[in-house]
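# With the input below, show me the fold.
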Amino acid sequence: MQAPDFIEISSDRLCECKKGFLSCIEAREWMKNQIGVWQFMYEPRDIRDKNIHPAVFPIAMAKRVIEQFTHKGELVLDPFVGSGTTMVAAQDLDRNALGFDLKQEYVDLSNSRVSEPPAECHCKQMAVCDDARNIVNRVAPGTVKLAFTSPPYANILNRERKNKSRRGDLRQNEQFGKVEQYSQDPRDLGTLDADAFEREISDIFKKMMPVFSDKAHILINITDAWIDSKRVPLHINIINAMRDAGYEFRNTIIWDRRNLVNKIGIFGWPSSYITMGTTFEYILDFIPPAPPKKTRAKAKAQKTED
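Residues are numbered from 1 along each chain as shown. This is a model prediction of the structure:
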């Protein structure tokens, strides 16, 4: 077993919110977020070039999640940091953040995006080239208030793009026929079929559980897929995986992408009704199991002594 080598990073609040508040968010924004269908717009800093990274989400989405579930100064974790969008959002909101990825290329990209923090940011954001399976040895126990990530969606990218949701000649864009793999590293979730993906997600988050603080939340962005002409409900794989790992499933948020999808062609008409997966994705919310009361009381007493 590898000895812990914890990264030095703060998880202390920088706000003066009342004890017991989940985050710094005001009541009006809280009510807005209670509506379980969210829309976002991309901004100029967002990476949308699939040659840089094959799967990205808007900075606005990461910011909304971080604002809902954390206070200023608290620690945000992205176990599959990719292009570093979670890092950028955390920096904008003055939260500490750690990201992990197997590919040094993505780690370098993530760190470059947060290399010039604004003067009003008092927190640290950094990405590390390491396996998410090793996070328990890199992040101190009980320090992470929020994990927000979009993991590789099993092996759905390991096939040629057909652009079937686009009309006519629009299919023949620069992505047509490409295989947009994350990597062929056997540790990469993007190389696995759905069942193996579910097992690995469960194992990764089970090992990771000690890093989460009391009342932490884990939010995972996922989409379903069509593989070999069959619907693969990856969001169900995620729910099953997290439950098997010991987490409680709390909420479903739908990312409504209709405002971001242009020029969709008719699909399946007139004989086969199929919803367009490009128009929505899932954001699934989980919490770790509450520690036994004796453990909580002991931890509270220890904190008082400290």
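# C-alpha from now on. contacts and neighbour counts both.
Noted.
# OK, contacts around V37?
Remark: with contacts taken as Cα atoms under 8 Å, 6 or more residues apart in numbering, V37 is in contact with I253, I254, W255, D256.
# Could you identify the longest helix within this protein?
Longest helix in the chain by number of residues (criterion: DSSP state H): helix 194-208.
# Tell me the buried residues in that helix?
Applying a neighbour-count criterion of 16 or more other Cα atoms under 10 Å, one finds 194, 197-208 buried in helix 194-208.
# could you give me the average pLDDT of stretch 241-254?
Per-residue pLDDT values over stretch 241-254 give a mean of 98.
# buried residues in it?
In terms of neighbour count (16+ other Cα under 10 Å), stretch 241-254 has its buried residues at A241, M242, R243, D244, A245, G246, Y247, E248, F249, T252, I253, I254.
# So which of those residues sit within helices?
Taking DSSP H, the ones among those that sit in helices are A241, M242, R243, D244.
# Any figure for the gap between the second one and M87?
Plainly put, M242 is 23 Å away from M87 if you go by Cα to Cα, to the nearest Å.
# close enough to count as contact, Q39 and V261?
No - the pair Q39 / V261 is not scored as a contact, 11.9 Å apart, by Cα atoms under 8 Å.
# By residue count, tell me the biggest strand in this protein.
If each strand of the chain is counted by residues according to DSSP state E, the longest one is strand 212-222.
# partners of it in the sheet?
Using DSSP bridges, the strands paired with strand 212-222 are strand 144-149 (parallel), strand 280-287 (antiparallel).
# Where do the strands of the stretch 101-250 of the chain begin and end?
Applying DSSP state E, counting those that start in this stretch to the stretch 101-250 of the chain gives strands spanning 125-129, 144-149, 212-222, 225-227, 230-232, 248-256.
# ranking those by burial, who's on top?
Using mean count of other Cα atoms under 10 Å, the stretch among these with the largest mean neighbour count is strand 144-149, at a mean of 25.
# Show me how far it is from its chain's centre.
Centre-to-centre, strand 144-149 and its host chain are 8 Å apart (Cα atoms, centre = their mean, to the nearest Å).
# and the contacts of V37 as a markdown table, adding distance to I236?
A markdown table is the format used below for those (distance: Cα to Cα, whole Å):
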| residue | distance to I236 |
| --- | --- |
| I253 | 14 |
| I254 | 14 |
| W255 | 16 |
| D256 | 18 |
